[in-house]
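Novice: Mind folding the following:
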Amino acid sequence: MLACATRIRTSSSVRKLGRAYADLAKKDIVFELERPTIATLQGFLLLSDFEATSARDRIGWTYNGIACRLIFDLGLHEDCSRLIRHGILVQADADLRVSLFLSAFVYDRLWALYLGRPSCVPMNCLEQRRPQVASAKSTGPLEHWVALCKYISEVTEKLNGFGPPLDHTSVDILLDLSARISAAHDRLPPGISSKQTSELCVTAYGLNIQYHGIQIVLHRTLVKVLLQHDSSKADGVVHDDQIKNFRRILYDNAVCICRLLLTYREMFGVENFITVMLDNMYIAASTLVSHILQPPIMGEQDGSYCEASRLLGFLTETMRDLPKYYPVVEKMRQTLSRITENTILAGSFGSMNLSNGTQNLDSHSVMANTVAQPVSGSWGSMGALVHDDFLLGQGNLLGDGFSPDPRLTDNLWFPDVTGGLLQ
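Specialist: Predicted coordinates:
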């Protein structure tokens, strides 16, 4: 708890204590695993969050996996109504166990989405817990997070290779999933839904941002699938209009994320950003970059480029301010710098020295003398994919024939097939 709390302090001396607190907690891991309690599970979830924002996604994902296994070791997936009837537990205990189970489920699904790895908690466990969830006292935004994460489970199954390969025949399935997610977003109650009011509950910003983020992930996949189909000329059918519509949806959701982040920053300060905002900030930034660098269609005038440039400027400024609180953001900024190298946006996110893999930070860099440079690897959400594609293979990260190394290409644009998030 102390390690996570230091991240949002404005004092640099307090923030530096975060790693020390985390290391102290790690010294008790063996003891806690031999004598696990509910607090042990909570501790591992917090450790996973801390490591994710420190650009250590692999160890963060591992800690989350330990927490999810403790769900079953501690019986949080079980109905405890009989224990209440016999006076062993009180209702408050049961409600706490339900809330913790749901929280771990949400953590599990978000990690699975952003790293493209299998989840730990089976969906049928959630369904078995439904009667207890319904009878528990209101869990507030958590119940809406659980509803969203059910859809996220479907997304990960389809996008991360756990089912049949995606092709143009999958478009209707993905569109149906997108429609159901949009309908669930529309059903959020007043005060929780950004579609109904601008006066959101403080805890609702992350939820709405994630709703828009998952739509971007889905529609990037749709664009990729259709472009691959059209390039193969398998049936002579092209989908230019449909692809254009999907790109518009990508852009609109990125704009919504930016506006929510802008409002949140103005009201609560950049130091109070929550973890889920960081990942979706990257998703929005890469989408705006793609929109700006997309080659214009003949005869089409689109006034959105000015808006996109303005919003990208806001994200760039925010990414310069965030690393002293969340070092992982510097890793995101470095990745975006690589993506935009040798384009009209070169330098927007700082320059990258490709010969030695280091970044030439500008005078606005907030990393110096505040926190340790993120370790080699990747930031904590889909970062393994980004890092491995760029530095190991320089493969098809941004589409066929594209290389992020400016010495190998003189292209000034790239398609928004993946934007550095999904293969």
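Novice: Could you pull out the helices in the stretch 251-400 of the chain for me?
Specialist: 275-293, 304-321, 328-340, 383-387 (DSSP state H, counting those that start in this stretch).
Novice: Save the ones you listed as JSON lines, and put in mean neighbour count, distance to L24 and mean pLDDT too.
Specialist: Yep, even glycine has a C-beta here, placed from its N, CA and C like the rest. Shown next, in JSON lines, are the helices of the stretch 251-400 of the chain (neighbours: other Cβ atoms under 10 Å; distance: least, Cβ to Cβ, whole Å; pLDDT from 0 to 100):
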{"stretch": "helix 275-293", "mean neighbour count": "25", "distance to L24": "21", "mean pLDDT": "93"}
{"stretch": "helix 304-321", "mean neighbour count": "18", "distance to L24": "28", "mean pLDDT": "91"}
{"stretch": "helix 328-340", "mean neighbour count": "25", "distance to L24": "21", "mean pLDDT": "90"}
{"stretch": "helix 383-387", "mean neighbour count": "22", "distance to L24": "26", "mean pLDDT": "38"}
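Novice: Nearest to S11 among those helices would be which one?
Specialist: Among the helices of the stretch 251-400 of the chain, helix 304-321 comes nearest to S11, with 15.5 Å by Cβ to Cβ.
Novice: contact partners of the closest one?
Specialist: 251, 254-255, 258, 261-262, 265, 270, 281, 284-285, 288-289, 291-292, 329, 332-333, 336, 345, 348-349, 364-366 (Cβ atoms under 8 Å, 6 or more residues apart in numbering).
Novice: Could you list the low-pLDDT ranges of this protein?
Specialist: By pLDDT under 70, the low-scoring segments of the chain are 131-139, 161-164, 197-198, 230-238, 295-303, 351-423.
Novice: Let's check: the centremost residue of it is which one?
Specialist: Centroid check for the chain by Cα atoms, centre = their mean gives D279 as the closest residue, at 3.6 Å.
Novice: what's the neighbour count on E78?
Specialist: Counted with other Cβ atoms under 10 Å, the neighbours of E78 add up to 17.
Novice: and if you look at S103?
Specialist: 18.
Novice: Isn't it up against P141?
Specialist: No - applying Cβ atoms under 8 Å, one finds S103 not in contact with P141, separated by 11.1 Å.
Novice: Surely S337 touches L345?
Specialist: No - with contact defined as Cβ under 8 Å, S337 does not count as touching L345 (9.5 Å).
Novice: how near is S170 to G87?
Specialist: Between S170 and G87 the computed distance is 53 Å (Cβ to Cβ, to the nearest Å).
Novice: And for D57?
Specialist: 44 Å.
Novice: The residue nearest to the centre of the chain and T287: what is the separation?
Specialist: Relative to T287, and taking Cβ to Cβ, D279 is found at 13 Å.
Novice: Next: Q128.
Specialist: As judged by Cβ to Cβ, Q128 and T287 stand 38 Å apart.
Novice: cool, and I216?
Specialist: 6 Å.
Novice: any residues in contact with both of those two?
Specialist: Residues within reach of I216 and of T287 at once, by Cβ under 8 Å, 6+ apart, are L250, N253, A254.
Novice: Identify the residue spatially nearest to Y211, adjacent ones excluded.
Specialist: Using Cβ to Cβ, 6 or more residues apart in numbering and skipping residues adjacent in sequence, the residue nearest Y211 is H185, 4.6 Å away.
Novice: Perfect, that will be all.
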